[in-house]
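Undergrad: got a structure for you, letters missing:
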């Protein structure tokens, strides 16, 4: 039975799950979600695998397949191309940093200045590696609320979200919602209570690179 949130102004009913789309892997990253996006890379079957980009960690694009950089970068040996969050808390804002001597191209154009803010669905090529694709889209997921400097009210029920409570951060607007057993605020209605984007927890993507 669905929790009754009508006293807090929650409209509608939960969304219907879709089927048949790729499920994401996750790049290891401690702490809170500092911006969600997805990097698509070719898999052995010839299709594309999504790597969810979260947190403050860098992703090495010079290796195949791309992978999160664990720990500090080695002095004097930076990767040919790195993907980094543009700034803390910026949803989907990532920059590509490349060694000027490396052959790195974005949408067919060489990265002459060594740095570029990535846009949705940009194609990235590093040397002779297969192309990878950057997407600002990332699936919503339930995770413990990391807390904040000030109380964070759920936009659905208007009650504060306590640190450690099961919650979902909308990948479109970044606003946190409860997702408790007795208060599933994020999926209570078909759309995010803050921005109106689809409120889905099925891990599906609306865009996948063409093979």
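TA: Thanks, I have the structure now. It should be emphasised that the depicted structure is a prediction, and the values quoted were computed from it without experimental measurement.
Undergrad: Any idea how many residues pack against residue 126?
TA: 25 (other C-beta atoms under 10 Å). In short, each C-beta sits where N, CA and C put it, glycine included.
Undergrad: Identify the residues contacting it.
TA: The contact partners of residue 126, taken as C-beta atoms under 8 Å, 6 or more residues apart in numbering, are 61, 62, 80, 81, 98, 102, 103, 104, 132.
Undergrad: Most neighbours among those, which one?
TA: Most neighbours among the contacts of residue 126, by other C-beta under 10 Å: residue 61, with 28 neighbours.
Undergrad: Nearest residue to it in space, please, no chain neighbours.
TA: Distances taken as C-beta to C-beta, 6 or more residues apart in numbering put residue 81 closest to residue 61, at 4.0 Å, once the chain neighbours are dropped.
Undergrad: if I read this right, that neighbour contacts residue 95, doesn't it?
TA: No - Residue 81 is not in contact with residue 95 according to C-beta atoms under 8 Å; the separation is 11.1 Å.
Undergrad: Which strand residues bridge the residue nearest to residue 61?
TA: residue 98 (DSSP bridges).
Undergrad: In contact with it, which residues?
TA: Per C-beta under 8 Å, 6+ apart, neighbours of residue 81: 60, 61, 62, 96, 97, 98, 99, 102, 104, 124, 126.
Undergrad: number of nearby residues for the first one?
TA: Right, the one you point to is residue 60. Neighbours of residue 60 (other C-beta under 10 Å): 19.
Undergrad: Geometric centre of this protein: which residue is closest?
TA: residue 36 (2.4 Å; C-alpha atoms, centre = their mean).
Undergrad: Looks like that one contacts residue 51 (just checking).
TA: No - look at residue 36 against residue 51 with C-beta under 8 Å: they stay out of range, at 11.7 Å.
Undergrad: Pull out the buried residues from stretch 147-159.
TA: 152, 154, 155, 156, 157 (16 or more other C-beta atoms under 10 Å).
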